[in-house]
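Engineer: predicted model follows, preceded by the sequence.
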Amino acid sequence: MFVDEAKIYVKAGNGGNGCMAFRREKYVPRGGPSGGDGGNGGSVYLEANPNDNTLLRYRYNREFTADRGRHGEGSNCTGHSGEDMILQVPVGTLALDDETGETIADLATAGQRVLVANGGRGGRGNQHFAKPWHQAPREHEDGFPGEERHLRLELKLLADVGLVGFPNAGKSTLISVISAARPKIANYPFTTLEPNLGVVNADGGTGKEGREIGRTFVVADLPGLIEGAHQGAGLGIRFLRHVERTRLLVHLVDTSDANADDPAHSFEVINGELAAFSESLTQKPMIVVATKLDATTDRTRLEALGDYCKEHGLEFHSISAATGDGVKDLVRSIADALDKIPKASLEQASDDERVQATVEVDGSTQRATQHAGEDRNS
């Protein structure tokens, strides 16, 4: 099951309470206070895992609480800190605060780890309250509560190319021909109910041990759009978030004799739905592809679509995925277009958000502990 949205509740561990104790040893008549500090509570992190591709694990298990810190003990013994909790999410997951809508982090890199709830600081024992005029303090601090948050996780697949178009335009057939993906293919609309990913080798070479060499890219096949999708018609536009990260859009238009719609009008309708979802999608480079060439005996509408694309400065191809006609040229053209488009890094976000949220993969636990220590010493 493909799940690209989830709401979860995370709670960092509370800090342990400080201890009130006094030394009672033989030959130490005035031992003084010896209450240890409480341990720090465990923090909650999100980590991008390249082996995950869905948020299914968070569909039914939605509450996560990190381990609390242990209480301090006598003889100046500090309690153990709680274990941190690391939640694995797919690469490309966007974490948002469900209450404020604030973007907490964009986990677009494999291994990236983000702190989403900081563990509570442990309370101080009575050893810290000793003064020359107050040598037997009975004061101690309770542990501080850990942060808690309601998060909304949104998965945006990381792909180089996004296939868009009307239902039954041939998107699933194309991705099955050019990659190892095996989506469901049938002769009726809305066959595809969830996005499919496929890796394409544009140059078709293999090296040692059967490894592919040459230019490769990832293609995302999106469920078909229809007119009024931005108002909820059909499957709506909920899957269009997955093409927001793509560098290139490939717009498939059915020009076969079985389709009575005007291809140019169909192209404009889908473009309108893309614009209704996000203006940034209309700014992406696009290649227009006329499909089902083997089932097109009347080439009038095909030529009209080609003229329309030429008039609007769009690259145009005509293919038949069933017979393979024009497919190789299309794949090479896609690879050539991607070579000219720089790979985007993370989605635009303020530097303050990244500094606040992102934690280096190495030494992440130490950072949380250091902060707690600095607070205690201040």
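Structural biologist: In hand now; what should we look at?
Engineer: just for the stretch 51-200 of the chain, where's the confidence low?
Structural biologist: 181, 183-193 (pLDDT under 70).
Engineer: show me the shaky parts of the stretch 251-378 of the chain.
Structural biologist: 344-378.
Engineer: would you map the helices across it?
Structural biologist: Secondary structure of the stretch 251-378 of the chain (DSSP state H, counting those that start in this stretch): helices at 263-277, 279-282, 300-311, 327-340, 351-357, 364-377.
Engineer: same check on the stretch 51-200 of the chain?
Structural biologist: Secondary structure of the stretch 51-200 of the chain, counting by DSSP H, counting those that start in this stretch: helices at 57-60, 171-178.
Engineer: of those, flag the one that's most buried.
Structural biologist: Greatest average neighbour count among the helices of the stretch 51-200 of the chain goes to helix 171-178 (a mean of 23), per mean count of other Cβ atoms under 10 Å. In this view, the C-beta of every residue, glycine as well, is placed from N, C-alpha and C.
Engineer: roughly how far does residue 310 sit from residue 316?
Structural biologist: Going from residue 310 to residue 316 by Cβ to Cβ, to the nearest Å gives 7 Å.
Engineer: spit out the contact partners of the residue sitting nearest the centre point of the chain.
Structural biologist: By Cα atoms, centre = their mean, the chain has its centre lying nearest to residue 93, at 1.3 Å. Residues near residue 93 by Cβ atoms under 8 Å, 6 or more residues apart in numbering: 46, 48, 55, 107, 153-156.
Engineer: beta partners of it?
Structural biologist: residue 107, residue 155 (DSSP bridges).
Engineer: please identify which of the helices of the stretch 51-200 of the chain is closest to residue 304.
Structural biologist: Of all those, helix 171-178 sits nearest to residue 304, with 21.8 Å by Cβ to Cβ.
Engineer: gap between that closest one and the chain center?
Structural biologist: 25 Å (Cα atoms, centre = their mean, to the nearest Å).
Engineer: what's that helix packed up against?
Structural biologist: If you count contacts as 3 or more Cβ pairs under 8 Å, 6 or more residues apart in numbering; DSSP states H and E, helix 171-178 packs onto strand 161-165, strand 196-201, strand 216-221, strand 286-291, helix 327-340.
Engineer: pick the most buried one from these.
Structural biologist: Of the helices and strands packed on helix 171-178, strand 161-165 is the most buried (mean count of other Cβ under 10 Å), at a mean of 26.
Engineer: between residue 310 and residue 316, point out the one with more neighbours.
Structural biologist: Counted by other Cβ atoms under 10 Å, residue 310 and residue 316 do not tie: residue 316 has more neighbours, with 17 against 11.
Engineer: the more buried one reaches residue 304, doesn't it?
Structural biologist: No. With contact defined as Cβ atoms under 8 Å, residue 316 does not reach residue 304; the gap is 11.3 Å.
Engineer: residues shared between the contacts of the two?
Structural biologist: By Cβ under 8 Å, 6+ apart, no residue touches both residue 316 and residue 304.
Engineer: for the residue nearest to the centre of the chain, give its distance to residue 198.
Structural biologist: Distance of residue 93 to residue 198, given as Cβ to Cβ: 21 Å.
Engineer: same deal with residue 128?
Structural biologist: In this view, residue 128 and residue 198 are 61 Å apart by Cβ to Cβ.
Engineer: ok, residue 30 next?
Structural biologist: Taking Cβ to Cβ, one finds residue 30 at 77 Å from residue 198.
Engineer: what's the neighbour count on residue 270?
Structural biologist: Neighbourhood size, residue 270 [other Cβ under 10 Å]: 22.
Engineer: mind listing what it touches?
Structural biologist: 164-166, 225, 251.
Engineer: swap in residue 64?
Structural biologist: By Cβ under 8 Å, 6+ apart, residue 64 lies in contact with 8-11, 44, 85, 87.
Engineer: top of the residues you listed by neighbour count?
Structural biologist: residue 44 (28 neighbours).
Engineer: count of neighbours near the closest residue to it other than its chain neighbours?
Structural biologist: Leaving aside its chain neighbours, residue 44 sits nearest to residue 117 (4.1 Å; criterion: Cβ to Cβ, 6 or more residues apart in numbering). Counted with other Cβ under 10 Å, residues neighbouring residue 117 total 25.
Engineer: got the contact list for residue 117?
Structural biologist: Going by Cβ under 8 Å, 6+ apart, residue 117 touches 10-12, 43-44, 66, 146-149.
Engineer: if anything else comes up later, I'll come back, but that's it for now.
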